[in-house]
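In: Fold the stuff below for me.
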Amino acid sequence: MTPLSPKPLAGLKVIDFTRVFAGPYCTMLLADLGADVVKVEIPGEGDPLRRQGPPFHHGMGITYLAANRNKRSLTLDMSQAEGKKVASSLCKKADVIVENFRPDVMGRLGIGYEAISAHNPKVIYASISGMGATGPDMNLGAFDLTIQAIGGYMSITGERHGEPIKLGTSAFDIVAGMNCYSGILAAYIQLLQSGNGQKVETSLLEGEVAFLANAGLEFLLTRNNPVKWGSEHAQQVPYKAFETADGHAVIGAAYQNIWEAFMGVLGRADLISDLRFSNLEGRITNRDELYSLIDPEVRKHRTADLLERLSAAKVPCSPVNNIDQVFAMPQVQHRGMQTAVSHPSYGTLAQIGPSTKFSAFDVSEGWTAPPLLGEHSAEVLREWLDLPSSDIDVLIEHRVI
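Out: Now for the predicted structure:
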C-alpha cells in the first residue's frame, strides 16, 4: 500500500480574523487540509458563536463547534497599541490572512491589504463581507436571513402561494465561506506559479446571486421573475414531494420513460396516452390537473412499499429523511460523514466528516477539537514571533492577550 502524503496545506500559516459563520467555515476548510490556522479573538469574549444558543454543548454554542475544528485560538486586544503591534507582526509572517470586518476596520487597525502586502508581497489576503467590498451598499451589514431576502432566494423558496421561506441552514454564510476557500486555493496556485500574492474578495450577496444559477439566468433571458414552487420544479412534472399513507416521498418522473414507469407502478397506464399528459410539455402545462389525479394514487401506498416498487422500476425516488435518519443511513456512515475529535474539556466531540475525499491523504486524520478561548495564545506567539516568555508575560499582565 502506498504511504499517504502529508496534507497539501501543511505548513501554510493562516491568520484568521473572522467570526460568526462564513469566515470561520472558510478557515476550517483550510485547516482540514493541514493549514496552521490561528483564530484571533477578543479576550474574555471570543467569537460570538461561542455564546449563541441554546442549543449548547457543555455550555458552548453548537454553531461555533460546527465551524472551528483544527484551529488554534489566540486572544488579542487590538484596541491597545501593543495588540495592534502583535497583529501586524503576525500578518507579516502569515501566508494567508482572512477577515470579515466592515471594509474600513482592518485599515484603521494598520493591517489592511496595502499596509501588509508592502511588507509581505506574497500574502494572500482574503476578505468576506455582507454586500461586497465596493459599491453603494458596501458598508451595510448582513445576516444570512437578510441576504436570503435581499438576494432573491426567499422569493423562490416556499410553497407556490405561501409566505417567503428561508433555507433550513445559514446557507449563504456557508456558500460565502466555500467561495472564499476556493478563491484562496486559486490564489495559492497562482502564487506558486508567479511568486506574487493578491487580494481575494467575496461576499454573501455575490455568493447568493451566483447561486441563483438557472433561476437568475431565466430572469436575465426572459425578464420574467421566477416564482416559488415548493418541492415542485418549474420545468419537470411530475417532480415533487408526494404525501403517502404514512409520510412523504420524493419522486422525480418527468422524463418520458420514467413517467411511463411511474404510471405503471401506480396502475394508471391510462394516463400515459392521455393527450394532456402524453409529453413533458403537456404535463408542465397541465400540472395541476395531473397532480389532482396522481396525488390520491400515491396516498394509497405506504412510503417503504412505494419506494421499493419505484426503485425496482428505476423511478428516481427517496424518503424525506429527518436528520436522525440521515446519519443512520448506511451510505452516510460508509462514506465517513460522521466522525469525532477528542476535546480537552468535553471528551469525545462529534463532528461532520469531510465532503471530499482524496486518494493521496486522509482528510480527517489528526483533526483537533475547536479550541477553547485563548487556549494557544502563548504557544502561537512563541512559534510565530519567537517571543520570549518574559514578553508574553507582559502581554498577559497588560491584558493584551
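In: Now the element after the helix ranked longest in the chain, going C-ward?
Out: Ranked by residue count, the top helix of the chain under DSSP state H comes out as helix 171-194. Next along the chain after helix 171-194, taking DSSP states H and E as the criterion, comes strand 198-203.
In: okay, the angle between that following strand and helix 171-194?
Out: Taking axes from the mean of the first three to the mean of the last three C-alpha atoms, to 10 degrees, one finds strand 198-203 and helix 171-194 inclined to each other by 170 degrees.
In: what packs against strand 198-203?
Out: Here strand 198-203 touches strand 124-129, helix 171-194, going by 3 or more C-beta pairs under 8 Å, 6 or more residues apart in numbering; DSSP states H and E. Backbone N, C-alpha and C define where each C-beta goes, glycine included.
In: just so I know, which of the ones you listed lies nearest Ile62?
Out: For the helices and strands packed on strand 198-203, the distance to Ile62 is smallest for helix 171-194, at 14.7 Å, taking C-beta to C-beta.
In: Pull that closest one out as CSV, backbone CA atoms only.
Out: Output of helix 171-194 as CSV, limited to C-alpha atoms (Å, rounded to 0.1, in the frame of the first residue of the first chain):
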residue,chain,number,x,y,z
ALA,A,171,-26.9,28.6,3.6
PHE,A,172,-25.2,31.7,2.2
ASP,A,173,-22.8,32.1,5.1
ILE,A,174,-21.6,28.6,4.1
VAL,A,175,-21.6,29.4,0.4
ALA,A,176,-19.6,32.6,1.1
GLY,A,177,-17.1,30.6,3.2
MET,A,178,-16.8,27.9,0.4
ASN,A,179,-16.3,30.6,-2.2
CYS,A,180,-13.6,32.3,-0.2
TYR,A,181,-11.9,28.9,0.5
SER,A,182,-11.8,28.1,-3.3
GLY,A,183,-10.6,31.7,-4.0
ILE,A,184,-7.7,31.3,-1.6
LEU,A,185,-6.8,28.0,-3.1
ALA,A,186,-6.8,29.5,-6.6
ALA,A,187,-4.7,32.4,-5.4
TYR,A,188,-2.3,30.0,-3.8
ILE,A,189,-1.9,28.1,-7.1
GLN,A,190,-1.1,31.4,-8.8
LEU,A,191,1.3,32.3,-6.1
LEU,A,192,3.2,29.0,-6.7
GLN,A,193,3.3,29.9,-10.4
SER,A,194,4.1,33.6,-10.3
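In: Let me see the contact set for the residue most central in space within the chain.
Out: The centroid of the chain falls nearest to Ile174 when counting by C-alpha atoms, centre = their mean (2.5 Å). Ile174 sits next to Phe21, Ala22, Tyr25 when contact means C-beta atoms under 8 Å, 6 or more residues apart in numbering.
In: So which of the residues you listed wins on neighbours?
Out: In terms of neighbours by other C-beta atoms under 10 Å, the contacts of Ile174 top out with Ala22 at 30 neighbours.
In: any idea how far Ile111 is from it?
Out: Counting by C-beta to C-beta, to the nearest Å, the gap from Ala22 to Ile111 is 20 Å.
In: Any chance of JSON lines for the helices and strands packed on strand 198-203, columns distance to Ser389 and mean pLDDT?
Out: Below are the helices and strands packed on strand 198-203 laid out as JSON lines (distance: least, C-beta to C-beta, whole Å; pLDDT from 0 to 100):
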{"stretch": "strand 124-129", "distance to Ser389": "31", "mean pLDDT": "97"}
{"stretch": "helix 171-194", "distance to Ser389": "33", "mean pLDDT": "97"}
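In: on that earlier part again, now do the longest helix of the chain against strand 124-129, angle only.
Out: Inter-element angle recorded for helix 171-194 and strand 124-129: 160 degrees (by the same axes, to 10 degrees).
In: mind checking how far helix 171-194 is from the chain centre?
Out: The chain centroid and the centroid of helix 171-194 are separated by 13 Å under C-alpha atoms, centre = their mean, to the nearest Å.
In: Flag every buried residue along that helix.
Out: Buried residues in helix 171-194, defined by neighbour count with 16 or more other C-beta atoms under 10 Å: 171-181, 183-185, 187-188, 191.
In: Quick one: the strands in the stretch 151-300 of the chain, in order.
Out: Remark: strands assigned in the stretch 151-300 of the chain by DSSP state E, counting those that start in this stretch are 198-203, 239-243, 248-252.
In: Nearest to Ala215 among those would be which one?
Out: For the strands of the stretch 151-300 of the chain, distance to Ala215 was read as C-beta to C-beta. The smallest value, 15.5 Å, belongs to strand 239-243.
In: Paired strands for that closest one, with orientation please.
Out: Its sheet considered, strand 239-243 pairs with strand 248-252 (antiparallel) by DSSP bridges.
In: Contacts for the partner strand, please.
Out: 231, 233, 236, 238-242, 258, 262, 298, 303, 306-307, 310, 315-320.
In: Could you do stretch 286-300 as well?
Out: 232, 237-238, 240, 242-245, 249, 251, 266-268, 271, 276-277, 283, 306.
In: That one - what's its average pLDDT?
Out: On average, the pLDDT along stretch 286-300 is 97.
In: any idea how far Met131 is from the residue nearest to the centre of the chain?
Out: 18 Å.
In: can you check Gly112 too?
Out: Taking C-beta to C-beta, one finds Gly112 at 19 Å from Met131.
In: try Pro103
Out: Distance, Pro103 to Met131, by C-beta to C-beta: 10 Å.
In: picking that back up, quick one: mark the members of the contacts of stretch 286-300 that sit in helices.
Out: Leu266, Arg283, Leu306.
In: Quick check: closest non-adjacent residue to the first one.
Out: Sequence neighbours aside, Glu297 is the residue nearest to Leu266 in space, at 4.5 Å (criterion: C-beta to C-beta, 6 or more residues apart in numbering).
In: Next one: the one you found from Gly347, what distance?
Out: From Glu297 over to Gly347 the distance is 51 Å, taken as C-beta to C-beta.
In: go on, Ile251?
Out: From Ile251 across to Gly347, the span is 43 Å (C-beta to C-beta).
In: With that, I have no additional questions.
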